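Asker: Fold the following and give me the result.
(one chain, ligands or ions: 2)
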Amino acid sequence: MKLNDPRLFRQYAYVDGRWTHADGGREAPVVNPANGKVIGHIPLLEAHQIRACVDAADVAFAAWRALRADERYEYLMAWHDLMLAHREDLAQIMTHEQGKSLADARGEVDYGASFVRWFAEEGKRALGETMPSHIPNAALGTIKEPVGIALLITPWNFPLAMITRKAAAALAAGCPVIVKPANETPFSALALAELAERAGIPAGIFNVVLGEAAEVSSLLCAEERIKALSFTGSTRVGRLLLEQSAATVKRVSMELGGNAPFIVGPDMDPKDAAEAAVAAKFQTSGQDCLAANRILVHESIHDDFVEHFAARMLELKVGDGLEEGTDLGPLIHRRAVENALGIIDDALSKGASMIGGDQAKAPGENFCMPTLFTGVTPKMRVWREECFSPVAGITAYADEDEVIRLANDTEYGLAAYVYTHDIRRIWKLLRGLEFGMVSVNSVKMTGPPVPFGGVKQSGLGREGGTTGIDEYLETKYYCLGGLASVSGS
Ligand SMILES: NC(=O)c1ccc[n+]([C@@H]2O[C@H](COP(=O)([O-])OP(=O)(O)OC[C@H]3O[C@@H](n4cnc5c(N)ncnc54)[C@H](O)[C@@H]3O)[C@@H](O)[C@H]2O)c1
Ligand SMILES: N[C@@H](CC=O)C(=O)O
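Answerer: Residues are numbered from 1 along each chain as shown. Ligands and ions are numbered 1, 2, ... in the order given. Sure thing, here's the model as predicted:
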């Protein structure tokens, strides 16, 4: 890996401002999914080292919370500026460990830095309020206070932005953070730690622990001094972490799995709608919680839509993310490919018709060729599951009531897409869809101002927007009694 600043590539945990080996000598390789080559190793910390991280965060908390919001702003903006100054190196590290194209990786660095800028500002708007007193000679009000140490457990598909969307909010609120990244993509997190140190963020405030996932999280979830858990990942693991956090009644926010419907109305131009659907489906090679998972097309334009979708899909360039022009990189590991192949076999066995999907053309064992199914039904895995791969399913529908029922036929409720220009149809679908986010005539829907999150089994709480910082703040009510009486209060 060629970096302008090789010190950004760190193969240690970052605890209490120190780069840390595993005392027990345990370590794990990190592999470039495009070619299977080992790009580095990470230490798997022992339990006493994980606990020492909590000790360090606990000690550092008092001074960090005592800073004014505008002082924390300066630290966060220094971190933000360093991310953008090192954008190319951060992108190189990300493509090597995650596989996404360099273009997508550069975009994620920008996306991740935008959350730091957003919450640097939001920290200055952690406002309390006063309320007219119902108690004689008293003044009532609230103040916002940091909840305490926040544990941030993050996924491999957005290995930088899923950290900064959480960490920036927590740090701005006055909370120390302990980040536990996915072992598939730790180096983006460690590069963020290096830049946090250069930004002057004090020791113990931004920590990155590495270890066997279940072992680390069960230990930290049981830790009473950790007051908040923010998790982004699968619904399966989210359920586990909710259980593990119950004993210490942590503040939890969960950004979990998705199964986005992409609904195309009868008034849409089939070609335009197909172009948008391809973009929504194959973003991050389909390994995206917002990926269009079920494509629902009005029967009147279904055949034309399928023709255009297939043509555009078959133009996508599959290859190493380091090669300019790559559209689809590898999946994160062979298990993900095997899962996708199982979804493909299931759809075929249940009568779906396949276009593309010639796996013989895959440029490596971790690649899955883009695959389209028509005639998809709710009995198929491609409908029921979050495919998290470049496998698309199209289903025809007849009317709005049917498409709302079909779209809601999932335990997930993260994002949905609606493509139509009919305002009455837009409003009916927007209100009828059971999803946390509905995007109308736009694939791009996220960003710092957005209250990002899902309903049903896609999560709890919201990240970003004007409420994201609330996940890390407590509201303290006060009553100042015994005051001199004042008229008209
Ligand atoms: N809603 C969102 O904002 C959002 C964003 C990105 C990814 N996701 C979801 O994440 C999933 C893909 O990411 P993933 O494969 O990393 O998810 P994952 O749930 O397997 O892993 C997420 C994190 O949890 C850790 N983990 C794994 N097993 C664990 C266990 N038994 N106990 C404790 N921690 C454990 C992993 O090491 C990783 O750090 C998809 O379902 C996707 O929809 C959701
Ligand atoms: N694309 C999503 C990440 C989920 O996989 C986002 O923007 O948060």
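Asker: Every contact and neighbour count from this point should use C-alpha atoms.
Answerer: Noted.
Asker: could you measure V443 against A416, distance?
Answerer: Taking Cα to Cα, to the nearest Å as the measure, V443 and A416 are separated by 10 Å.
Asker: Compare those two (neighbour count), which wins?
Answerer: Here V443 and A416 are set side by side on neighbour count (other Cα atoms under 10 Å), and the busier one is A416, at 29 against 22.
Asker: what about the more buried one, which SS state?
Answerer: Here A416 is recorded as strand under DSSP: H, G, I helix; E, B strand; the rest coil.
Asker: how about it, what does it touch?
Answerer: Applying Cα atoms under 8 Å, 6 or more residues apart in numbering to A416 gives the contacts A260, P261, F262, A292, L433, F435, M437, V438, S439.
Asker: Hmm, N207 and D16 touching each other?
Answerer: Yes. Applying Cα atoms under 8 Å, one finds D16 in contact with N207, separated by 6.6 Å.
Asker: Looking at the two, which is more packed in?
Answerer: Summary of the neighbour comparison: D16 and N207, criterion other Cα under 10 Å, with N207 having more neighbours (30 against 22).
Asker: Show me what the one helix or strand the more buried one maps to is packed up against.
Answerer: When elements are defined using DSSP states H and E, N207 is found to belong to strand 206-208. In this structure, strand 206-208 makes packing contacts with strand 13-15, strand 177-180, helix 187-198, judged by 3 or more Cα pairs under 8 Å, 6 or more residues apart in numbering; DSSP states H and E.
Asker: looking at the ones you listed, which is closest to ligand 2?
Answerer: With Cα to the nearest ligand atom, the closest approach to ligand 2 among the helices and strands packed on strand 206-208 belongs to helix 187-198: 15.3 Å.
Asker: mind listing what's buried in the closest one?
Answerer: Taking 16 or more other Cα atoms under 10 Å as the neighbour-count basis, helix 187-198 is seen to contain the buried residues F187, S188, A189, L190, A191, L192, A193, E194, L195, A196, E197.
Asker: And for stretch 355-364?
Answerer: Buried residues in stretch 355-364 (16+ other Cα under 10 Å): I355, G357, A362, P363, G364.
Asker: Do I have it right that the third one meets M369?
Answerer: Yes. Shown here, A362 and M369 form a contact pair, counting by Cα under 8 Å, at 5.9 Å.
Asker: residues shared between the contacts of the two?
Answerer: Taking Cα under 8 Å, 6+ apart as the contact criterion, the common neighbours of A362 and M369 are V318.
Asker: re the thing from before, please identify which pair of the contacts of A416 lies farthest apart.
Answerer: A292 and L433 (14.6 Å; Cα to Cα).
Asker: what's the closest non-adjacent residue to the residue positioned nearest the centre of the chain?
Answerer: In the chain, the centroid-proximal residue (Cα atoms, centre = their mean) is M162; its distance is 4.4 Å. Spatially, and ignoring its direct neighbours in sequence, M162 is nearest to T154 (6.2 Å; Cα to Cα, 6 or more residues apart in numbering).
Asker: list the contacts for that neighbour?
Answerer: By Cα under 8 Å, 6+ apart, T154 lies in contact with M162, I163, V179, K180, P181, A182, F231, T232, G233.
Asker: Mind pulling up the pLDDT for the fifth one?
Answerer: Going back to what we said before, that points to P181. What the model reports for P181 is a pLDDT of 98.
Asker: Now do the contacts for it.
Answerer: Applying Cα under 8 Å, 6+ apart, we find P181 in contact with L152, I153, T154, P155, W156, P159, A189, V208, V209, L210.
Asker: With pLDDT and distance to A57 added, can I get the residues you listed in TSV?
Answerer: Formatted as TSV, those follow (pLDDT from 0 to 100; distance: Cα to Cα, whole Å):
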residue	pLDDT	distance to A57
L152	98	13
I153	98	16
T154	98	19
P155	98	22
W156	98	24
P159	98	22
A189	99	17
V208	98	11
V209	98	12
L210	98	16
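Asker: ranges for the strands of the stretch 251-400 of the chain?
Answerer: Listed in chain order, the strands of the stretch 251-400 of the chain (DSSP state E, counting those that start in this stretch) span 251-255, 260-264, 292-298, 353-356, 371-374, 391-397.
Asker: right, so of those, which gets closest to ligand 1?
Answerer: That would be strand 251-255 among those, by Cα to the nearest ligand atom, at 3.6 Å.
Asker: Return the closest one as PDB; C-alpha atoms alone will do.
Answerer: The C-alpha atoms that make up strand 251-255 are tabulated as PDB, following Å, rounded to 0.1, in the frame of the first residue of the first chain:
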ATOM      1  CA  ARG A 251     -28.600   4.400  26.500                       C
ATOM      2  CA  VAL A 252     -28.700   2.500  23.200                       C
ATOM      3  CA  SER A 253     -28.900   3.500  19.600                       C
ATOM      4  CA  MET A 254     -29.100   0.900  16.900                       C
ATOM      5  CA  GLU A 255     -28.600   1.300  13.100                       C
END
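Asker: Indicate each strand paired with it and its parallel or antiparallel sense.
Answerer: Based on DSSP bridges, the strands next to strand 251-255 in the sheet, each with its direction, are strand 226-232 (parallel), strand 459-460 (antiparallel).
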